[in-house]
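J.: model this:
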Amino acid sequence: MELTSLTKKQTLWVFLVTYLLAIFIGALTLLYGINNEYDIVLTTLASTVFMTVVIFFFSNITKNASLYDPYWSVIPIVIVIEWILIYKNLSINVILLLIAVLVWGIRLTLNWWKNWSDFKHQDWRYTHLRNQAPKLYFVTNFFGIHMIPTLVVYIQLINAHDVMQYQSINAIFIIGFILSLSAAAIQFIADKQMYDFRMNNKTKSSCIDEGLWKYSRHPNYLGELTFWIGIYLMYFSFVRVINKNIAYPILMILLFMFISIPMMEKKLQNRPGYQEYKEKVSMLIPYRKKTQ
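T.: Residues are numbered from 1 along each chain as shown. You can find the predicted model right below:
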């Protein structure tokens with residue numbers, strides 16, 4: 001049977017088998033590192049790399065790089081739970097951290113599934129990269145689509161890992177926790193508004209200019225960045241000093257500012273009304289439209 005002939009529900013089994021196998025391989029790697037008393041952070045790095053390789057292998061079998069898409073929200077939950085089991089730490093700060101990651105990850109995964117159709121379709125960015133340099137696509141697919149995003153997310157999780165080394169909460173931690181939950185709320189609202197807009201505008205000939213999108217051209221990206229800033233604040237609440245860990249959310253910000261957002265803007269630049277919309281609405285940080 002051709003995978004492109006599978007229904008949406010049938011493709012779920014492909015995702016489940018792929019991710020369960022990846023998680024199994026990742027868990028074995030982590031267990032091996034623990035048994036040999038290797039550094040947990042570095043062992044987790046090896047674990048997430050192996051998981052990504054498994055998903056990359058199956059994305060080549062399915063001929064669809066979007067098999068990787070749920071990784072962004074599913075695997076961080078797995079890694080955080082694994083760390084909790086390793087450290088046997090269920091103090092109040094770790095519980096709140098887990099809640100924040102679960103709310104963010106589950107919501108993002110559900111939104112992915114809501115917008116996923118079947119293996120006939122692939123994220124337009126992946127198709128664009130393939131069409132730009134088809135002979136280099138294997139390398140681009142492995143590093144650009146799979147491995148680099150994996151490493152960026154893994155680096156963000158280091159702040160979550162370091163939070164687990166403490167067993168209390170404070171005012172700054174609570175601010176970070178609330179910020180992370182607020183980020184998930186921003187993403188939920190923005191994604192729902194975009195989904196409703198698309199359902200009511202079948203021609204794709206216009207751009208959304210309502211709700212959160214009236215004040216920010218990319219409120220969903222703003223929510224993503226806000227989440228990781230919130231995780232960093234949870235970590236900062238304990239150390240109270242600017243150190244290398246601040247580079248992790250900055251790296252995520254740079255990824256969106258110089259790669260994700262420019263790619264999206266380039267795709268939308270020829271859409272009717274988008275240039276006018278672009279002139280009136282902030283790229284990321286929300287503020288009211290300029291006076292016309």
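J.: Pull the number of nearby residues for residue 183.
T.: Neighbour count for residue 183, taken as other C-beta atoms under 10 Å: 23. For glycine as for every other residue, the C-beta is placed from the backbone atoms N, C-alpha and C.
J.: Please settle this for me: is it part of a strand?
T.: No. Assessed by DSSP: H, G, I helix; E, B strand; the rest coil, residue 183 does not belong to a strand; its assignment is helix.
J.: Check what pLDDT it gets.
T.: pLDDT for residue 183: 97.
J.: which residues touch it?
T.: 104, 223, 224, 225, 226, 227, 229, 230 (C-beta atoms under 8 Å, 6 or more residues apart in numbering).
J.: go again using 6 Å as the cut-off
T.: 223, 226, 227 (C-beta atoms under 6 Å, 6 or more residues apart in numbering).
J.: And it, how close does it get to residue 108?
T.: Distance, residue 183 to residue 108, by C-beta to C-beta, to the nearest Å: 10 Å.
J.: hang on, the earlier thing: which of the contacts of residue 183 ranks first by neighbour count?
T.: Going by other C-beta under 10 Å, residue 227 tops the contacts of residue 183 with 27 neighbours.
J.: how about it, what does it touch?
T.: 104, 180, 183 are the contacts of residue 227 under C-beta under 6 Å, 6+ apart.
J.: that older thread, of the contacts of residue 183, closest to residue 57?
T.: residue 227 (29.2 Å; C-beta to C-beta).
J.: how close does that closest one get to residue 103?
T.: Distance from residue 227 to residue 103, by C-beta to C-beta: 9 Å.
J.: Where do the helices of the stretch 101-250 of the chain begin and end?
T.: In the stretch 101-250 of the chain, the helices defined using DSSP state H, counting those that start in this stretch lie at 124-132, 137-139, 148-163, 171-200, 219-239, 247-255.
J.: Residue 50: neighbouring residues, count only.
T.: 16.
J.: quick one: contacts for it?
T.: By C-beta under 6 Å, 6+ apart, the neighbours of residue 50 are 25, 26, 29.
J.: what ranges of the stretch 151-292 of the chain fall below the confidence cut-off?
T.: 202-205, 289-292 (pLDDT under 70).
J.: That should have said the stretch 1-150 of the chain, apologies.
T.: Looking at the stretch 1-150 of the chain by pLDDT under 70, you get 1.
J.: try 80
T.: 1-2 (pLDDT under 80).
J.: returning to what we had before: in a markdown table: the helices of the stretch 101-250 of the chain, plus distance to residue 47.
T.: What follows is the helices of the stretch 101-250 of the chain, written out as a markdown table (distance: least, C-beta to C-beta, whole Å):
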| stretch | distance to residue 47 |
| --- | --- |
| helix 124-132 | 25 |
| helix 137-139 | 23 |
| helix 148-163 | 9 |
| helix 171-200 | 24 |
| helix 219-239 | 19 |
| helix 247-255 | 18 |
